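**Q** Quick one, fold the following:
(one chain, ligands or ions: 2)
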Amino acid sequence: MKIIADENMPYVDALFGDLGEIEYVNGRNLSAEQVSDADVLLVRSVTPVNAALLDIAQKLKFVGSATIGTDHVAVDYLASRGIPFSNAPGCNATAVGEYAFIAMLELAQRFGETLQGKVVGIVGAGNTGTAAAKCLEAYGLKVLLCDPVKAEQGDIREFVSLDTLIAQADIISLHVPITKIGEHKTWYLFDEARLNQLRPNTWLLNCCRGEVIDNRALIAFKQQRDDVKLVLDVWEGEPNPMAELVALAEFATPHIAGYSLEGKARGTFMLYQKLCEVLNLEANKSLTSLLPPFQFSQVCRQDELSEGQLLTLSRLVYDLRDDDRKFRGCFATATGFDQMRKNHTYRREYSAITLKSETAVTPVDHLMLRTLGFN
Ligand SMILES: NC(=O)c1ccc[n+]([C@@H]2O[C@H](COP(=O)([O-])OP(=O)(O)OC[C@H]3O[C@@H](n4cnc5c(N)ncnc54)[C@H](O)[C@@H]3O)[C@@H](O)[C@H]2O)c1
Ligand SMILES: O=C(O)[C@H](O)[C@H](O)COP(=O)(O)O
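**A** Ligands and ions are numbered 1, 2, ... in the order given. Below you'll find the predicted structure:
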C-alpha cells in the first residue's frame, strides 16, 4: 500500500509504518502526478484536495487531513468518488484555546494590566472557542459566546449576538470556520464597518482563518486606532501575510496556534484510527507512547499564584514571545512562513505539567490550574 503524507505531519512513521510504504511530500506544492498511484493520502491544511489533484489517482482508498478545518478539501468530490475522508475535529482545540489564553496573559503583562475583571467575547463556540472559554472561565473571567449556528441547533449555552459581544467585550477571540455563503458566512465577518464598532482599547485575536478579517481594512483601521491591540496567528494570503499588518500586530505567528506536540500527535492518531476502521484493521497503537517526556514535568509552589507567575508557568509550555520574534525575522522571505511551521516542534500543552501535590498550591489555585489543564 502506498501512503503519501505531508512532510510536516509528525508520527506518521510510528503510526502508519506497518501499514504500507510511506512517501513524504511538500503539501503546499503537491501535484496530481505525485498522488497518481497513492492508496492513502494524508494532508494538512495547505493542500487543496480536489478533482485537479485526484482525478488520475484511481487506487485511492482514503484521504485524511490532520486538521480541524476542511476548507481545503472538496468533500463532495471525494464523496462522489466514494473515497472515505476524515479530518481530525478537536485534535488541536486545546492548543488553540491555550494559545489564546496565553496570548491574553502576555498582552496583560505587556500593557501593565490584569486580565482579572475583563470580559472576553468568543466568536464561534465550537471546539477551539470552547477550549479558550474553558481556560478563561478557569481563571475567573466572564465569557460571552456568539455562535448563531449553535444557537439555532439548540445548544443550551447562553449566546449573544455579535453586536452585543462587540459592545460588551474587552477582548474578542475569533474561532469560526471560513465560510463564503449562507446567512452566517464568516468571510470578512470583520470588515471595515465591523472593525469600526470595536470599543476603545479592545484586544482582537484571530487564530481561526485569516480571511475572517478583511486584512486591508484592518491595516487602515489599526493605523487610526492604536488603542486596539492585535494578536494574529492567521493571515489573508498565507504564506505571504501583508508586511504592514505584521508590523501592526502585538503578537504575530505563522498559523501555529494549534501546533502543540499533543495536538499534532492527536491529529495524526485520529487519521490512523480512521484508516484502520476503513481497512477493517485493529488500531493497536497508543497515542500517549508517541509523546516525549517534558523537561518541566512537575511544578511545586507554596504561595498564592499571581497573574505574572501564571504567565511564567504558561511560558514553560509555550513562550509566545519566541514565536513572535522568530516570525518577524523570517516571514518576509519566500519560504520563511512555511519553514517556521515545518520546524515548529517544541510546544506542549498545560497537561504536560503535573502539579506536585494537592498541598503545593492553595486549593483555589490548585483547582484553577487543574481546570486550565495541568495534570
Ligand atoms: N490557527 C490554527 O492553528 C487553527 C487550529 C485549529 C483550527 N483552526 C481554524 O479554526 C476554525 C474553528 O475550529 P473549531 O475546531 O473550533 O471548529 P468547530 O467547527 O468546532 O467550531 C466552529 C464554530 O463556529 C461556529 N460558527 C460558524 N459560523 C459562525 C458565525 N458566523 N458566527 C459565529 N459562530 C459561527 C460554528 O457553529 C461552530 O460552533 C477551524 O475551522 C479552522 O479553520 C485554526
Ligand atoms: O484547521 C486546522 O486544524 C488548523 O488550521 C491547523 O492547525 C493548520 O495546520 P496545518 O494543517 O496547516 O499544519
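
**Q** By mean pLDDT, point me to the weakest helix or strand of the chain.
**A** Of all the helices and strands that make up the chain, the one with the lowest confidence by mean pLDDT, DSSP states H and E is strand 298-299; it has a mean of 74.

**Q** so what secondary structure elements neighbour that strand?
**A** Using 3 or more C-beta pairs under 8 Å, 6 or more residues apart in numbering; DSSP states H and E, the elements in contact with strand 298-299 are strand 354-355. (Glycine included, C-beta is placed from N, CA and C.)

**Q** follow-up on the earlier one: now the least confident helix or strand of the chain, how far from the chain's geometric center?
**A** The offset between the C-alpha centroid of strand 298-299 and the centroid of the whole chain comes to 26 Å, using C-alpha atoms, centre = their mean, to the nearest Å.

**Q** List the neighbouring strands of that strand plus their orientation.
**A** Based on DSSP bridges, the pairing partners of strand 298-299 within the sheet are strand 354-355 (parallel).

**Q** Do me a favour and average the pLDDT over the strand it pairs with.
**A** Over the span of strand 354-355, the pLDDT mean works out to 86.

**Q** ok, now stretch 323-343?
**A** Stretch 323-343 comes out with an average pLDDT of 95.

**Q** and the helix or strand that the least confident helix or strand of the chain is followed by, what does it pack onto?
**A** Remark: after strand 298-299, the chain's next helix or strand is helix 307-317, criterion DSSP states H and E. If you count contacts as 3+ C-beta pairs under 8 Å, 6+ apart, helix 307-317 packs onto helix 93-110.

**Q** residues of the helix it packs on that come out buried?
**A** Along helix 93-110, the positions that meet the burial threshold by neighbour count (16 or more other C-beta atoms under 10 Å) are 93-108.

**Q** Number of residues surrounding residue 349?
**A** The tally of other residues near residue 349 (other C-beta atoms under 10 Å) stands at 24.

**Q** Also residue 120?
**A** 27.

**Q** I'd guess it is in a strand, am I close?
**A** Yes: checked against DSSP: H, G, I helix; E, B strand; the rest coil, residue 120 lies within a strand.

**Q** And the spatially closest residue to it that is not a sequence neighbour, how far from ligand 1?
**A** Leaving out its chain neighbours, the residue that sits closest to residue 120 by C-beta to C-beta, 6 or more residues apart in numbering is residue 171, at 4.5 Å. In this structure, residue 171 and ligand 1 are 16 Å apart, going by C-beta to the nearest ligand atom, to the nearest Å.

**Q** Repeat that for residue 2.
**A** From residue 2 across to ligand 1, the span is 28 Å (C-beta to the nearest ligand atom).

**Q** mind listing what that residue touches?
**A** Under the criterion of C-beta atoms under 8 Å, 6 or more residues apart in numbering, the contact list for residue 2 reads 20, 21, 23, 37, 38, 39, 40, 59.

**Q** and what of residue 339?
**A** Contacts for residue 339 (C-beta under 8 Å, 6+ apart) come out as residue 330.

**Q** For residue 62, which residues count as its bridge partners?
**A** According to DSSP bridges, the partner residues bridging residue 62 are residue 40.

**Q** Test for you: state the pLDDT assigned to it.
**A** Predicted confidence (pLDDT) at residue 62: the value is 98.

**Q** So it versus ligand 2, what's the distance?
**A** 17 Å.

**Q** Count the neighbours of that residue for me.
**A** If you count neighbours by other C-beta under 10 Å, residue 62 ends up with 22.

**Q** does any part of stretch 252-270 sit near ligand 1?
**A** Yes: contact of stretch 252-270 with ligand 1 is found when judged by C-beta under 6 Å from any ligand atom, involving 255, 257, 258.

**Q** Can I get those residues in CSV including distance to ligand 2?
**A** As requested, those are exported to CSV (distance: C-beta to the nearest ligand atom, whole Å):
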residue, distance to ligand 2
255, 6
257, 7
258, 3
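
**Q** for these, which one is nearest residue 230?
**A** residue 257 (13.9 Å; C-beta to C-beta).

**Q** Show the contacting residues for that closest one.
**A** Contacts for residue 257 (C-beta under 8 Å, 6+ apart) come out as 92, 95, 96, 99, 100, 207, 233, 234.

**Q** just residue 68 next, same as before
**A** Contact analysis of residue 68 by C-beta under 8 Å, 6+ apart lists 87, 88, 89, 90, 91, 92, 93, 127, 128, 258.

**Q** Find the nearest non-adjacent residue to the third one, please.
**A** Spatial nearest neighbour of residue 89, excluding adjacent residues (C-beta to C-beta, 6+ apart): residue 68 at 5.8 Å.

**Q** Point me to the helix or strand that includes the one you found.
**A** Once you assign secondary structure using DSSP H and E, residue 68 falls outside every helix and strand.

**Q** Let's have the contacts of residue 68 in JSON lines, adding secondary structure and pLDDT.
**A** JSON lines is the format used below for those (DSSP: H, G, I helix; E, B strand; the rest coil; pLDDT from 0 to 100):
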{"residue": "87", "secondary structure": "coil", "pLDDT": "98"}
{"residue": "88", "secondary structure": "coil", "pLDDT": "98"}
{"residue": "89", "secondary structure": "coil", "pLDDT": "96"}
{"residue": "90", "secondary structure": "coil", "pLDDT": "96"}
{"residue": "91", "secondary structure": "coil", "pLDDT": "97"}
{"residue": "92", "secondary structure": "coil", "pLDDT": "96"}
{"residue": "93", "secondary structure": "helix", "pLDDT": "98"}
{"residue": "127", "secondary structure": "helix", "pLDDT": "97"}
{"residue": "128", "secondary structure": "helix", "pLDDT": "98"}
{"residue": "258", "secondary structure": "coil", "pLDDT": "97"}
